[in-house]
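Trainee: Give the three-dimensional model of this entry:
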Amino acid sequence: MKIRVHLLIDGRVQGVWFRASTQDEAIALGLKGWVKNLYDGRVEVLAEGDEEKINSFIAWCHKGPPGARVERVEVKKEEFKGEFKDFNITR
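Mentor: Coordinates of the predicted model:
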């Protein structure tokens, strides 16, 4: 089953290659969507794909890359739309 999730990630997640690592992880899992930094220091992610792969991705987001210190991941499940061709870093 395909699902869509919207994540807000808190902690030390900017300046530690979080976006690039998130993109790499999403592509490795075959997910589509985007990741971006927010002005308040959080990272925002919108991802779509197979539910099992999304769950693995969410688990990865709780750790992040080396150097990150994830304190909280807010997960909102949304209706799958299939609107993305790939997974990008946006602004």
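Trainee: beta partners for residue 6?
Mentor: With DSSP bridges as the criterion, residue 6 is bridged to residue 46, residue 76.
Trainee: just use 58 as the starting number from now, easier for me
Mentor: Yep, numbering from 58; the last one is residue 63 now.
Trainee: Okay, strands next: where are they in the chain?
Mentor: Secondary structure of the chain (DSSP state E): strands at 59-69, 89-94, 100-107, 126-135, 144-146.
Trainee: so can I have JSON lines of those showing mean pLDDT, mean neighbour count and distance to residue 80?
Mentor: Any C-beta I mention is one placed from the backbone N, CA and C, and that applies to glycine too. As requested, the strands of the chain are exported to JSON lines (pLDDT from 0 to 100; neighbours: other CB atoms under 10 Å; distance: least, CB to CB, whole Å):
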{"stretch": "strand 59-69", "mean pLDDT": "98", "mean neighbour count": "18", "distance to residue 80": "14"}
{"stretch": "strand 89-94", "mean pLDDT": "98", "mean neighbour count": "20", "distance to residue 80": "6"}
{"stretch": "strand 100-107", "mean pLDDT": "98", "mean neighbour count": "21", "distance to residue 80": "10"}
{"stretch": "strand 126-135", "mean pLDDT": "98", "mean neighbour count": "13", "distance to residue 80": "16"}
{"stretch": "strand 144-146", "mean pLDDT": "98", "mean neighbour count": "17", "distance to residue 80": "6"}
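Trainee: Out of those, which is closest to residue 113?
Mentor: strand 100-107 (9.5 Å; CB to CB).
Trainee: No further queries at this time; thank you.
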